[in-house]
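Engineer: sequence and predicted structure are below.
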Amino acid sequence: MLEAVLLVGGRGTRLRPLTNNIPKPMLPVAGVPFTEHQIARARAAGVTRVVLSTSYRAEVFSEYFGDGADFGVEMVYAPEESPLGTGGAIRNVTRFLRSGPDDPVLVFNGDVLSGLDIAGLVAHWRRAGAAVALYLTRVPDPRAFGLVPTDADGNVTAFLEKPTSPAEIVTDQINAGCYVFRRSVIDRIPPGRVVSVERETFPALLADGANVIGVVDDAYWLDLGTPAAFVEGSRDIVTGRIPSPALPGEVGRALLLPGADVSVDAVVAGGSVIGRDAHVDAYATVDGSVILDGARVGVGATITASVVGAGAVVGHGTRVSGAVIGDGAVLGAENEFLDGVRVWPGAQIADCTIRHSSDQS
Ligand code: GDD
Ligand code: MG
């Protein structure tokens, strides 16, 4: 038996309005909730039991996954009354764990898409006899992440979450959001209060001289925290750049879900997903985008690197690029929605060009 904890309680504010009602990990990525891809990959690496650490909209997870039988793992739920932070959330699952004190327990951030060799990370942890093994990746700009410098032997020397001063940018290695904990280490996190694993637990373990190792893996890695990243992750699964056993169809230029109706005169490409009962009308182009269930892309409209919410309507000839259109919004004809624009659910907008740009006042 190998247990995994998925941290899925975050509010997902950077993905609003998509996360107004759906928790970030349940947003459909390449046709299924993102969490389903994570579970499928974990299962392929030998995980048999998954504890979902939930907070925001906890019921959405249990309604979809149930006891996990349909997904090939046993699933249990550890809801929080109020968010306990990442470390508090990990501590809160102990009453659901079956692992012994010296067994490995995998912990995943619920919003990271990666090609990590999960079984390899567990093997590293075991060989090192570590308290915790952290999966690290390298990024060009590490400032939005947890910086994790290591020595020549792979021992973690510091943990600097979201550094604010240039002096703290000591490495391009970041916490990639997956850990192997020795179970007894989880039991020692203080219970019943908010704890950040990044700001409190890891620094405390290092101060205590615990054996914390970092394993750099340069496989595909993406934090799906922003609309642009969310679309990118979906596209990369559809095109097979990052394979997922949960992809509901073949790898290819696009994924059409059951009931999707695409005109023969439309172009759908770049790893786009067309949702159930969604329509793409003639001469429309959908490139690298996610069109959710029941939405309609009108004649000659162009959708690029965007999300069109469930039941939303894009008028004919309208251009949507790098934008998020909320569920049920109705966009008029020959408009433009560009560069980071977010249209709230149900909004009705006509006769405009809207561009979100920091250098426009
Ligand atoms: N259950 C529960 N309770 N889950 C939570 C809570 C909570 O109070 N707070 C956050 N989470 C979950 C989120 O749902 C997410 O899956 C994960 O914990 C990490 O939270 P994020 O809010 O996405 O953090 P981040 O992306 O800013 O930073 C984290 O991830 C980076 C890699 O993507 C940190 O772990 C960084 O160190 C790391 O580099
Ligand atoms: Mg994140």
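Structural biologist: Done, it's in. If you're wondering where the values come from, they're calculated on a predicted model, not measured in any experiment. Ligands and ions are numbered 1, 2, ... in the order given.
Engineer: pretty sure residue 228 contacts residue 305?
Structural biologist: Yes - between residue 228 and residue 305 there is a contact at 6.9 Å, judged by C-beta atoms under 8 Å. Every residue, glycine included, has its C-beta placed from N, CA and C.
Engineer: between the two, point out the one with more neighbours.
Structural biologist: residue 305 (20 against 15; other C-beta atoms under 10 Å).
Engineer: so which residues on this protein come close to ligand 1?
Structural biologist: Proximity of the chain to ligand 1 (C-beta under 6 Å from any ligand atom) is limited to residues 7-10, 53, 55, 80, 83-86, 89, 109-112, 145-146, 161, 174-175, 177, 198, 223, 225.
Engineer: name the residues contacting each of residue 228 and residue 305.
Structural biologist: Common contact partners of residue 228 and residue 305 (C-beta atoms under 8 Å, 6 or more residues apart in numbering): residue 322.
Engineer: returning to that earlier point: can you flag the buried ones in the residues of the chain next to ligand 1?
Structural biologist: 7-10, 53, 55, 80, 84-86, 89, 109-112, 145-146, 161, 174-175, 177, 198, 223, 225 (16 or more other C-beta atoms under 10 Å).
Engineer: hmm, back to that, let's see which of the residues of the chain next to ligand 1 end up in helices.
Structural biologist: 85-86, 89 (DSSP state H).
Engineer: could you dump those to a markdown table with pLDDT?
Structural biologist: Below are those laid out as a markdown table (pLDDT from 0 to 100):
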| residue | pLDDT |
| --- | --- |
| 85 | 96 |
| 86 | 97 |
| 89 | 97 |
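Engineer: which member of those residues is positioned nearest ligand 2?
Structural biologist: Distance ranking of these against ligand 2, using C-beta to the ion, places residue 86 first at 10.0 Å.
Engineer: so who does that closest one touch?
Structural biologist: So residue 86 contacts 7, 109, 195-198 (C-beta under 8 Å, 6+ apart).
Engineer: next, format those as a markdown table and append pLDDT and distance to residue 135.
Structural biologist: Formatted as a markdown table, the contacts of residue 86 follow (pLDDT from 0 to 100; distance: C-beta to C-beta, whole Å):
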| residue | pLDDT | distance to residue 135 |
| --- | --- | --- |
| 7 | 97 | 14 |
| 109 | 97 | 10 |
| 195 | 98 | 20 |
| 196 | 98 | 18 |
| 197 | 98 | 13 |
| 198 | 98 | 14 |
